[in-house]
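Colleague: coords below, sequence missing:
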């Protein structure tokens, strides 16, 4: 849980939540998850998780005083966080709207699950967070992540209809990945027998970009982001 890698943290938190889902009385998992919440400045969930752990312990357990201290620290930090939020609202004269933090994941349904799993993991280098088979739906769900914390959920379903990719239709248009050196990555894809369109330059940003296709012909963009 002490890793600085965002992917490792996401995977660790998911594993802890899975353990707790199966065994709500696991104090070690609760303690680790609460500390992770606190470290990530989610003080409300840290306090709630430590409180869950506290209810599992006997009153004379030597861990009780430390847990109570941790809960107070999380609640105090939460109060300061809320005060800072209100201060900013008063300073701007506007009520701050809830903020979207960005994209959490993109969901993709594959016609051939094994082929797409190989493509996204072995070719594009995504790391597996979790894989679940849902028997009632005859469906796999594969959680994948990339170094910046972005995720893909890869699904299999029996006989899914084909997606219209060409010509472009009115729906989500394409998936875009950022890379530091687009020429280097295009060369890597070509070495793996994946064709790319000619590299172009975005006339608005001056950045280089190109497109290739996944096994189901889903358009994927590479966008050079080197700053």
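Modeller: Sure thing, it's come through. For clarity, every value in this text was computed on a predicted model and none was experimentally measured.
Colleague: next, the residue of the chain most remote from its centre: phi, psi?
Modeller: Distance from the C-alpha centroid of the chain peaks at residue 60, with 39.8 Å (C-alpha atoms, centre = their mean). Recorded main-chain torsions at residue 60 are phi -90, psi 10, according to degrees, to the nearest 10.
Colleague: what about it, distance to residue 123?
Modeller: As judged by C-beta to C-beta, to the nearest Å, residue 60 and residue 123 stand 57 Å apart. (Each C-beta comes from the backbone N, C-alpha and C, glycine too.)
Colleague: run through the protein and note the low-pLDDT ranges.
Modeller: 1-10, 12-13, 19, 21-23, 89, 91-102, 168-169, 171, 226-227 (pLDDT under 70).
Colleague: tell me how many other residues crowd the closest residue in space to residue 199 that isn't next to it in sequence.
Modeller: Leaving aside its chain neighbours, residue 199 sits nearest to residue 210 (4.7 Å; criterion: C-beta to C-beta, 6 or more residues apart in numbering). Residues within reach of residue 210, counting by other C-beta atoms under 10 Å, total 20.
Colleague: and residue 210, what are its bridge partners?
Modeller: residue 222 (DSSP bridges).
Colleague: ok, it to residue 194 distance?
Modeller: Taking C-beta to C-beta, one finds residue 210 at 11 Å from residue 194.
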